Each structure stands twice: as structure tokens, then as C-alpha cells.
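Trainee: Following is a predicted model, sequence given first.
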Amino acid sequence: MHLLGSLVLLFATILCQVSSQETVVGLYGQTLEIPCNKGAVKGEDVLLTKWKYDKGDGLSGDLLVRKKTENVSISATDEYKGRIHMAANSSLLLSAAKLSDQRTFTCMMVVGLDIKEYPVNVVVYKVPAVVEISDKAQELEIGKPTKLGTCVAKDANPPADITWLKDNKPLVDARKGISIRTSVQVDPVSGLSTTSSTLEYSATKEDTDAQFFCSARHNLGTELSSSALNFTITYSTENIILQVIAPKPLVEGDNVTLKCLADGNPAPTSFNFHLKGDVVPVKNTNTYTLTHVSRDTSGEYQCSLIDNPAMMASKNITVNYLDINLSLSGYVIKTAGEALELSFQIDSSGDSKVSWTKDNVKLEKEPKFNKLKFSDSGHYESEVKMGALSKKAFFDLVVEGAPVIKQLSKQRSEDGQHKVLICEAEGSPKPSVSWSINGTSLDESPFINGKVTHKITVVPTVNLTVSCTVSNEFGVDTRDINVSSLFEEVRMDKRDQSDDADQTKLVVGVVVALLIAVMVFGLAYGIYQKKSKQGSWKTGEKENGSSEEERKLEEKVEENSQKAEV
């Protein structure tokens, strides 16, 4: 209320600045203070103060008077009796202001021999009591002008200005789809005005969630708004779509729900579903379910409005399937050396990928069995994948046949005190292994891929022939191996070591003898040369003697050389 009074005073001040006659704005129903000269004349100089008002038709009416030394005397006998008072500053206080108070009030002062008059024009304002929308429409139809409602701003002075808004944006008259008619009614008793504004509106589909309201603005700057309104927007179906609700991937045995969606408002509730040549009408629902679909379900499906069959939507449905056929299954028992035919067929709705494993080990390609081997035995499994779909098939192959010894070998133990005999055989069922000699069973390997290895440990005291025999229900195989005595091998090893020592000694003796012979020969030859030089100074007889000695010496050297070679 204090804020509103301040606005009134501000407005009055502005009016005083633009007019020679001061104007005061009062609020309807409240006390109005009408100033007298605003302190231009000092109170102690005033001999008499009197208020009067303009009654119209050139007549004036007295309200009250105050002499300098006397109290206020009220002279009003009409509508102002009991509503007026004089403030200490000589202002006129008028209670319960009403529209009939909009007139000129004059303050007359006697100062000395001078009489001064201060006329004040009074204006009474009132903001609307309420702003609301009446005669509201139930729904709006797209493209059809419809009276949305009437906005009413009651009991205002001067009349309020009304604005229509949609989503806080003003609606302007004369624009496409908008028509606004405004009227003002004055109450004959109170003189207050009621403003009414009617909006006629052509809705669009975008108005489905729009909020409409109106606001009233008054001269005092006050703005009041109505409550917001939402309207149901009705329109015919313009678009229709068909949804397929199904697992991904859709496979045989699944259920598929067809859902028809139309954008009309109110939405259609009855549809026709076109199921590959058959038309199935449904009411009060927009779905139809296909149960336990098969590959034959694949194809085009449609839905349409019952009341407008031309409004139609379609969708293709593909049911994925994957079938495999392996010619072998379960346990397959065959004989070694035979051929085994394997065929594998795939029937699918798309591209597939095949992988094979044997005993959980991946194979590079599909197995082929042109001539069965014992090692072909095992658990075979194929897996076919097509997207998220996969299927498996398997068979267990058992290759049977008479056992065959693949290798019979021997080796000395690490400590050199035993002989280890090794018999490697193939066959199926697992062959039993026997030896022609007693020994300690050292090891038997696991029976894998038709193979088994058997080892025994023996201590042969004499040279002998040992047999390994393998047998199963299909046959027998035997192989021999010669095993020498450990003592004989030890003797032979020692003899070999002795022979090696003797040969070493002989070589050393020959080398030493040759060295001695060379030394003797060199010494003799030196003596000979010395004597030959001495004899050259003597007679021929001596020379002949020297030649004889030289011959004997050469024969001696040759003899020693032959001894050294022996």
C-alpha cells in the first residue's frame, strides 16, 4: 500500500510539472490527501484557510474553514459531511475516495490583506478487481476458427488494457487465425469500468501443449494475469505408421506384435491389419500379435484405418532361420584303412560361417576321411553361425583294427645298470602289450589316437632275443630285438680301451725310433765328411780305405733304420 501511495504521489508530481493546475491522483476507496500550496505560505502568516469544491454548473460548495486562532469548522452538509478533515499543514483529507470525487478542490488562504487560491484537480484510479477467462472452449479443431474464451478485467478506472498470450508471446489481432474483440462497460452506480476481450483462434497441431492466458495492464503500471489454459486440439489423421515389436534377431517360434500408430486427435481406435492377403479388423486396440512365427511368415504386412482404408502403412518382416544336417551323428565305429563319407548341409536365411573342432581343438578345415587311421578317432563338432544365431552338430568317431608295432627300440638307463626296452604300437581297441622276458614295468603312455607306448626295464646277463607282442580282439603283432648282456658290453668296452692304449704306445715307439735313427745318421755322416777332408792330403791307398769305411757305415745306418721301422 505504501508503494502504491508513492506511485500516486509520483504521478501527481509529473502532472504538476506539465499543467498550471495541480492534479492529485487518489486510489479508489482510500483516503486522499489534497495539498494546499505545499508550504509556499508560512502557517504563522495565514489568517484563515478555507476549502471548497466545484459542484459544476459554475457553483461551488464549502467544505471546512480554519481561522488562525480557532479550530477547524466543517461547513459541508452534502456527501462530504463526515468524510473530510484538515491536516496540520492545511491539506484536505478526503476518506473513502470514489469516482464522484474527480473534480476540482480549491484551497483559499487569507494572508494579510491578500487572498490566495490554490486549485487542485483530483483523479481517482482503481486497478481491476480480478482478471479471469470465462466462456472457455472445450476443445479446438485444427484450422477451424473457435471462440477460445473471454478475458474479463472487472471494476477498474480508467478501463484496463487486455492482452492475449500464447506461451508468453502476445497474440495480435488480424494475424492469420487470430481475431480479438474488446468492449468496456461502466457500472452506473460505481462508475467503474469492466473490460472484456474475446479471442477467436484457429488452432494448429503445434498448439497441442500450448498454454493460453490473458493479462490486464492499468495506468498505474499494475499488471494482472489470468490462470493459464490448455486445450484439447482435435484433428484428422494425417500420418500413419506400422511398428514391428519383436525380439532381435527374429527367429522361428518367436511372437511378433504389429502396432498401428496414427497421429489424429482423438486417436483412431479401430484398424485393419493386412496379413499377407488376409484382412483382420480390430477395434478398441491398435495392435495385433502373430504367434509362433515361421520362415513362411516373412513378407510385407500393412495396417490401415477402418474408416479411411486409403490411409495405410506397411512394413517388411523377416524371420531368420538356420538349419544344419550332418550325415554322421552319435558314435561312428569304422575299421582302419576304410573310407568314411562325410556330408554337411546348411539351410539359412543369410550368410553363415562354419567352424570345426576335434577334441576341442580347432581344425583348419572340414575333416576328410579317405583312408581311416587310428589317429582319426575322436570327438568332432561343427558350429554354424549366422549373426546372433548358432547351431552345433557332432559325432564321435572310433577307428578299430588289429594292432601294429610301429617301433621296437632299446636304450641303456642313465646309470648304465639297466636296459630299457620300448615298444610303440597302434590299434583299437587298446592293445595289450606283453614281453618274452620278465622285467620291471617302467611306464605305459595314455592311449591317445590309437597309440600306446610300453616300456620295461631289464638286466640281461647273457645275450638274448626279446619279443614284444601286442594284441586285441582284431589280431596280434610281434617283433623281436637283440639285447646283449651287460657283462659282455662291459668286457668289450674294456678291451676296446686296452687296444686303444696299445696302439698309442706303438705309435709313440715308432716316432722315437725314427728320431734316434736320424740322429745316428747325422753323426756318422759328419765323421765321414771329416775323414774325407783329411784323406785328400794322403796317397790313393788311404783314399781307397776310406771308401770302404764309408760303404760299411752306410750299411750300418740302413740296418739301424730297418730296425727302427720294425
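Mentor: Structure's in. What do you need? Numbers count the residues shown, from 1 in each chain.

Trainee: tell me the domain ranges of the chain?
Mentor: Each structural domain of the chain that the record assigns through automatic domain parsing is listed here as a residue range: 2-125, 131-234, 240-317, 322-398, 399-487, 495-565.

Trainee: okay, those in TSV with mean neighbour count and mean pLDDT next?
Mentor: C-beta coordinates here come from the backbone N, C-alpha and C atoms, glycine included. What follows is those, written out as TSV (neighbours: other C-beta atoms under 10 Å; pLDDT from 0 to 100):
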stretch	mean neighbour count	mean pLDDT
domain 2-125	15	82
domain 131-234	16	91
domain 240-317	15	93
domain 322-398	14	92
domain 399-487	16	88
domain 495-565	12	47
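
Trainee: For I317, see how far away I74 is.
Mentor: When C-beta to C-beta, to the nearest Å is applied, the distance between I74 and I317 equals 97 Å.

Trainee: meant to ask about Y235
Mentor: Taking C-beta to C-beta, one finds Y235 at 31 Å from I317.

Trainee: the strands in the stretch 51-200 of the chain, which residues?
Mentor: With DSSP state E, counting those that start in this stretch as the criterion, the stretch 51-200 of the chain has strands at 59-67, 72-74, 84-86, 92-94, 104-111, 114-125, 131-134, 139-141, 146-156, 161-166, 169-170, 178-186, 193-201.

Trainee: Redo the ones you listed as TSV? Include distance to W51.
Mentor: Formatted as TSV, the entries for the strands of the stretch 51-200 of the chain read as follows, by distance: least, C-beta to C-beta, whole Å:
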stretch	distance to W51
strand 59-67	4
strand 72-74	10
strand 84-86	7
strand 92-94	5
strand 104-111	6
strand 114-125	10
strand 131-134	38
strand 139-141	58
strand 146-156	29
strand 161-166	35
strand 169-170	46
strand 178-186	29
strand 193-201	29
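
Trainee: Go through the ones you listed and name the closest to G264.
Mentor: Closest to G264 of those, according to C-beta to C-beta: strand 139-141, at 11.6 Å.

Trainee: And that closest one, how far out from the chain middle?
Mentor: A distance of 42 Å separates the C-alpha centroid of strand 139-141 from that of its chain, computed with C-alpha atoms, centre = their mean, to the nearest Å.

Trainee: what does it contact?
Mentor: Contacts of strand 139-141 with the rest of the structure, by C-beta atoms under 8 Å, 6 or more residues apart in numbering, involve 146, 148, 201, 203, 207, 231-235.

Trainee: let's see it at 7 Å
Mentor: Strand 139-141 is contacted from outside by 146, 201, 203, 207, 231-235, using C-beta atoms under 7 Å, 6 or more residues apart in numbering.

Trainee: Show me which of these is closest to T104.
Mentor: Here the nearest of the contacts of strand 139-141 to T104, counting by C-beta to C-beta, is Y201; it sits at 46.4 Å.

Trainee: Quick check: chain neighbours aside, which residue is closest to the closest one?
Mentor: Nearest non-adjacent residue to Y201, counting by C-beta to C-beta, 6 or more residues apart in numbering: L148, 4.6 Å away.

Trainee: does E44 sit in a helix, a strand or a coil?
Mentor: helix (DSSP: H, G, I helix; E, B strand; the rest coil).

Trainee: Show me what stretch 284-297 is in contact with.
Mentor: When contacts are defined by C-beta under 7 Å, 6+ apart, stretch 284-297 is touched by residues 252-261, 269, 271, 273, 280, 282, 317, 319, 321, 349.
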